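1. need a structure here:
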Amino acid sequence: MNKTILITGSSRGIGKASAVMLAQAGYNIVLHCSKDVSRLENLKSEIEKFNVTCRTLAFDIKNRAETEKVLLDDVEKHGIYYGVVLNAGIAKDNPFPAMEDFEWDEVINTNLNGFYNVLKPLSLLMIQARQGRIITMSSISGLAGNRGQVNYSASKAGIIGATKALARELAKRKITVNCIAPGVIESDMTQDIPDEVIKQIPLKRMGKPQEVASLVKYLMSEDAGYITGQVISVNGGLLI
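-> Okay, the predicted model is just below:
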């Protein structure tokens, strides 16, 4: 296949599951974490068992200059990516009147500015290649809002708008841009979710990272070539 996919925030959760599933499908993988790539070594070894290439990158997606340098250096050495899964993100929840400035800034700078910092240096190169897939990761909180998550909801809603606009810009270059908005998915961020929330989900359980990753794999495939500018929510019926 010889198509390479960059997955930001791929050390755990949805990012990790997506990396494994895409590797199983034959894509070469570029893993990313914010600091120490040694935390990716076990995953890298697991991925290489599928007879694809895998390499690791570390950069802070909040840092525009660092992100651009690391990405462009990697592309210069190995060639442009066919696809990007923009998965890295954080949450710092607090009721809005009690929210600290740093909680707002960290979430916006990571989740929303990270969209710009990663995709801006790559988009022109993907345009020149005249092909590609971009998948962004929003949240059900970006679709409906959530108490205690004004910062997170704002950042994830911004990603939806940015995805839709970018899809219109890049379509004529045969690049699709789509957004996935997960609901309550099993992860470190949801391990303390109260039972009352689970009871509100029609399917009565949290989703699994692999259930989101399977959608990532589909949107990355040739079969999804006529799908762009869409927001697909994987949420067990919590939001219809």
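2. what about this structure, any weak spots by pLDDT?
-> Scanning the chain with the threshold set as pLDDT under 70 gives 1.
3. for it, longest helix please?
-> The longest helix of the chain (DSSP state H) is helix 150-170.
4. so what does the next helix or strand after that helix touch, helix or strand wise?
-> On the C-terminal side of helix 150-170, the nearest following helix or strand under DSSP states H and E is strand 175-182. Contacts defined by 3 or more Cβ pairs under 8 Å, 6 or more residues apart in numbering; DSSP states H and E place strand 175-182 against strand 132-137, helix 140-144, helix 150-170, helix 209-220, strand 231-234. In short, each C-beta sits where N, CA and C put it, glycine included.
5. tell me the most buried of these?
-> When you average the neighbours per residue for each of the helices and strands packed on strand 175-182 (mean count of other Cβ atoms under 10 Å), strand 132-137 leads with a mean of 26.
6. and that strand, what does it pack onto?
-> strand 83-86, helix 113-129, helix 150-170, strand 175-182, helix 209-220.
7. nearest to Arg12, of these?
-> helix 209-220 (8.5 Å; Cβ to Cβ).
8. Quickly note the distance from the residue nearest the centre of the chain to Glu196.
-> Note on the chain: the residue nearest the mean C-alpha position is Asn87, at 1.8 Å, using Cα atoms, centre = their mean. From Asn87 across to Glu196, the span is 28 Å (Cβ to Cβ, to the nearest Å).
9. now swap in Glu106 and tell me
-> 28 Å.
10. more neighbours, the two?
-> Between Glu106 and Glu196, Glu106 has the larger neighbour count (other Cβ atoms under 10 Å), namely 16 against 7.
11. ok, and the closest non-adjacent residue to the more buried one?
-> Excluding its sequence neighbours, the residue lying closest to Glu106 (Cβ to Cβ, 6 or more residues apart in numbering) is Lys92, at 5.8 Å.
12. so how far is Lys217 from that neighbour?
-> 30 Å.
13. quick revisit: now the helices and strands packed on strand 132-137 as a markdown table including distance to Phe96?
-> Conversion of these to a markdown table gives the following (distance: least, Cβ to Cβ, whole Å):
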| stretch | distance to Phe96 |
| --- | --- |
| strand 83-86 | 26 |
| helix 113-129 | 20 |
| helix 150-170 | 5 |
| strand 175-182 | 21 |
| helix 209-220 | 28 |
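14. What's the local residue count around the nearest residue to Lys208 once chain neighbours are set aside?
-> Of all residues not flanking Lys208 in the chain, Glu186 sits nearest, at 5.7 Å (Cβ to Cβ, 6+ apart). Using other Cβ under 10 Å, the number of residues around Glu186 comes to 17.
15. Return the residues in contact with Glu186.
-> Met206, Gly207, Lys208, Pro209 (Cβ atoms under 8 Å, 6 or more residues apart in numbering).
16. Which of the residues you listed sits closest to Lys69?
-> Of the contacts of Glu186, the one sitting nearest to Lys69 (Cβ to Cβ) turns out to be Pro209, at 30.1 Å.
17. Which residue, neighbours along the chain excluded, lies closest to that closest one?
-> Per Cβ to Cβ, 6+ apart, closest to Pro209 is Ala17, 3.8 Å.
18. Let me see the contact set for the one you found.
-> So Ala17 contacts Lys208, Pro209, Gln210, Val212, Ala213 (Cβ under 8 Å, 6+ apart).
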